Every structure is written in structure tokens, then in C-alpha cells.
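*Asks:* Sequence and predicted structure below; questions after.
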Amino acid sequence: MNTLINIGGDPNDPHYRYKRQRIELERVSKCGGMFRIRNIAQIIRQLKTNEQFKETLYKKFQKQLGIVIDKNGFFKGNVSIEKLEEILEEQIRKFLLCPRCSLPEWNGRNCRACGYVPLIESETKESKNKPKVSRAVCYEQARAVDAVKVLYSFFPRTKEIEADINNFWSIPENNAELHDKWRLYIENKYSIEP
Ligand SMILES: [Zn+2]
């Protein structure tokens, strides 16, 4: 049986919501040393991504492993599943995980989980002149983001949860006290162990 792998998140978390199959290879011809990635269509579906992701992934396989792979996943050569998995994970991190919450809800423009939208260039320049955020604030923010991740991974997406999370994203970046308050409120309300 194919054990499922967590997409992003803690790899050892058995209750994580986002999972995918591990790559499976099938030997197509004994003499020619021809293989096929048997379950690529399934993995693409589980990643909720598209053909374009697959094409980019195959290009990476070709470039990094020196194989020629056709669009149906047939290739010739001695390649380990570990190597293929390593490259697949790299591509998942690059294209499918949100830069802020690390959940696989990133569509390249914004995150469907936490609502993150990258700053446009002018905003980035502006933010360079902003006063630096203190360590205490970063710490409270990180703990609050953890609470958001728990809400997204373990709870169904109700309107109430969406509202709680939207409240979180409206907290000003430099307000450690509010981040702390929000986190305590969420931990109590949903009985989350800190
Ligand atoms: Zn996100």
C-alpha cells in the first residue's frame, strides 16, 4: 500500500489535512530499462494543481537527473524514487505552499487559507523604511500564526472560523499584545493545546 505523505506541514503529523501519494514507479520493459511514473495523475489531483505544474516538474526531472521523460511519464534510465521525490518536494515548496502559512493553498497570487497577498514592489520599498519589529512581537505573531495553521488543518471551514481568522489578519503587524490576546481567545474557544 502506498503510505500518504503530508503536503507541507509537519511530516510526522498523522492528522494533517493535506496528503498525497508517494511516487510509484512501474517497470514497463525489462530489456529496455523503461519505467513509468504510475501514479502521477493521482498526485497532481491530490496536490490540487494542474498540467502546467506537471510539465515544469518533468522539465526539472530531465534537467537534474539527465533523463528524457515523455508526457505520459515514461522514461529510460536508473533513477531512484528518493531523487524524484526530492525534486517533487522542491517544486511543491516553490509553487504550491503559501510563503506565509506554508499550507498548500497557494495559487501563485494569493493564499486560499490565510488570505496572504504578496506586497507589490512599492509597498516593499516603503516597508524597508518602517521601524523594525521587535522580537517579542515576532514571537507573538509566530504563535498566533501557529494557531491559524491549526484552525486550517483540523477544523472545517465554517463562517465563524473564517471570521476569527480574518480578525487575526487585521491585527496591526507591530501589536504583540493583540496577537497574544487573539491567540489565547482561539486556544480557549477551540480547545487548542498551545
Ligand atoms: Zn497562507
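*Replies:* Sure thing, it's come through. As the structure is a computational prediction, the values presented were derived from the model and not from experiment.
*Asks:* Outline the domain layout of the protein.
*Replies:* Domains of the chain are assigned by automatic domain parsing as 4-95, 125-189.
*Asks:* And those: which comes nearest the ion?
*Replies:* The ion lies closest, by CB to the ion, to one member of the domains of the chain: domain 125-189, at 8.2 Å. The C-beta positions use only the backbone N, C-alpha and C, and glycine is treated the same way.
*Asks:* Okay, buried residues for stretch 179-194 please.
*Replies:* Neighbour counts over stretch 179-194 (16 or more other CB atoms under 10 Å) mark H179, D180, W182, R183, I186, E187 as buried.
*Asks:* for the ion, what are the nearby residues on the chain?
*Replies:* By CB under 5 Å from the ion, the residues of the chain that approach the ion are C98, R100, C101, C111, A113, C114, Y116.
*Asks:* In the chain, where is pLDDT below threshold?
*Replies:* Under the criterion pLDDT under 70, the flagged ranges of the chain are 1-2, 31, 119-133.
*Asks:* what about the helices in it?
*Replies:* Assigned by DSSP state H, the chain shows helices spanning 40-46, 51-65, 81-95, 121-128, 135-154, 159-169, 176-189.
*Asks:* Any chance of a markdown table for these, columns distance to M34?
*Replies:* Output for those, formatted as a markdown table (distance: least, CB to CB, whole Å):
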| stretch | distance to M34 |
| --- | --- |
| helix 40-46 | 15 |
| helix 51-65 | 15 |
| helix 81-95 | 15 |
| helix 121-128 | 47 |
| helix 135-154 | 40 |
| helix 159-169 | 48 |
| helix 176-189 | 53 |
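*Asks:* neighbours of the residue nearest to L178 when sequence neighbours are not counted, just the number please.
*Replies:* Counting by CB to CB, 6 or more residues apart in numbering, L178 lies nearest to I171, which is 4.7 Å off, once chain neighbours are set aside. I171 is flanked by 18 other residues according to other CB atoms under 10 Å.
*Asks:* Need phi/psi at I171.
*Replies:* Taking degrees, to the nearest 10, you get phi -70, psi 130 for the backbone angles of I171.
*Asks:* ok, it to G9 distance?
*Replies:* Distance, I171 to G9, by CB to CB, to the nearest Å: 23 Å.
*Asks:* Likewise for Q21?
*Replies:* Distance of Q21 to G9, computed by CB to CB: 16 Å.
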